[in-house]
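[1] this is the structure alone, sequence omitted:
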């Protein structure tokens, strides 16, 4: 196998399930590859906001002069996006070399697609000898592959209803699963100001040092600045985050809380936090990729994200029409997302998603009808690319196009418009 694509196809066919939760395979593989880190490690979980918190942490540590290793999931265009050293993605040659290292020791073990790639990334990280390792949870927490490591600080960004087939259908069940990234005697940051009681109870049961947004640390906005306040440190007159959305303040505060709780090992001065807030960016998080008309992408794909997207759309000053390019996976709560966002767009360009889990445009159109959107406002398309092209044809220079509903939707837009990631 000479290309990344050939290796990924091999990885995909190796294991009988694309998603197969559990830690035993990963534990054995980490032991066989002797993967360990002699530096602090942070694990970031949550329903929404994981990628943003990782981006804040990475940017701040890099600005402060530390060598960072970051794993995120999923990717938009290329799997290389999932592994970065100091913000630079893993190269194809390095990825292939580390895939070979995984395969050389796996024996009769068949790591899942996610595990196989993660092991290659971790192997690369170990070689690079970083000052800090940041690992984003793929799904849940309790049985996610990154949970084989013991973090110095754990972060849960938010807790909403998603992945119910794996995590449960209530916030209490989902919160309990995510809380398993906490560790006894170590800081556990919860960026959700209203966590399920199961999160609090689990932290107490294992003796984790739980820090909850609004209780142990807060963000206070004053015009165009804000303050982070905690029992460890006060940071006043901070710039508002470069990433748009009210929720980004909560994400930034959770990241700063983690920084403060690891400061004995990796101190970060205020000026580096300021620089990171002013410059951090993350593809697909209310990201403007074009002007006249504005084209904005957002990977929000569940009701919790839809609430925040609706707030952001309504809070942004705008005089033209809003055209929505919309595609969602069939196993998401499409009906609720349609209800939450139905009045946020003047016209809807609804697309099929070409994947086994992809939802049909016709079903989304019906759900938008139920949400009060008229047939005259809805057009159906076989692909995201077709929907985007139609929206661009219809849009005036003063209008805006928002493309959202799935990582797949955003990926199709970025690829179609030839917008690079990273």
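    Received the coordinates, thanks. Quick caveat: nothing in here was measured; it's all calculated off a predicted structure.
[2] which secondary structure element contains the residue nearest in space to the middle of the chain?
    Centroid check for the chain by CA atoms, centre = their mean gives residue 51 as the closest residue, at 3.3 Å. Assigning secondary structure by DSSP states H and E places residue 51 in helix 50-63.
[3] buried stuff in that helix?
    50-63 (16 or more other CB atoms under 10 Å). Backbone N, C-alpha and C define where each C-beta goes, glycine included.
[4] how far is whatever helix or strand comes next after that helix from where the chain is centred?
    Next in sequence after helix 50-63, counting helices and strands by DSSP H and E, comes strand 68-71. Distance of strand 68-71 from the chain centroid (CA atoms, centre = their mean, to the nearest Å) equals 14 Å.
[5] what's whichever helix or strand comes after strand 68-71 packed up against?
    Using DSSP H and E, the helix or strand that follows strand 68-71 towards the C-terminus is strand 83-85. Counting by 3 or more CB pairs under 8 Å, 6 or more residues apart in numbering; DSSP states H and E, the packing neighbours recorded for strand 83-85 are strand 68-71, helix 113-128.
[6] tell me which of these lies nearest to residue 195.
    For the helices and strands packed on strand 83-85, the distance to residue 195 is smallest for strand 68-71, at 24.5 Å, taking CB to CB.
[7] mind listing what residue 55 touches?
    By CB atoms under 8 Å, 6 or more residues apart in numbering, the contact list for residue 55 reads 243, 280, 281, 282.
[8] tell me the spacing between the last one and residue 372.
    In this case it means residue 282. Look at residue 282 and residue 372: by CB to CB, to the nearest Å, they are 32 Å apart.
[9] higher neighbour count, those two?
    Using other CB atoms under 10 Å, the more surrounded residue of residue 282 and residue 372 is residue 282, with 22 against 11.
[10] the closest residue to residue 346 other than its chain neighbours: neighbouring residues, count only.
    Nearest non-adjacent residue to residue 346, counting by CB to CB, 6 or more residues apart in numbering: residue 321, 4.2 Å away. For residue 321, the neighbour count with other CB under 10 Å is 16.
[11] residue 321 reaches residue 399, doesn't it?
    Yes. With contact defined as CB atoms under 8 Å, residue 321 reaches residue 399; the gap is 4.7 Å.
[12] which neighbours do those two have in common?
    Here residue 321 and residue 399 share no contacting residue, scored by CB under 8 Å, 6+ apart.
[13] for the protein, name the helix or strand with the lowest mean pLDDT.
    The helix or strand of the chain with the poorest confidence is helix 164-167; it has a mean of 85 (mean pLDDT, DSSP states H and E).
[14] chain center to it, what's the gap?
    18 Å.
[15] packing partners for it?
    Counting contacts by 3+ CB pairs under 8 Å, 6+ apart, helix 164-167 is packed against helix 171-178.
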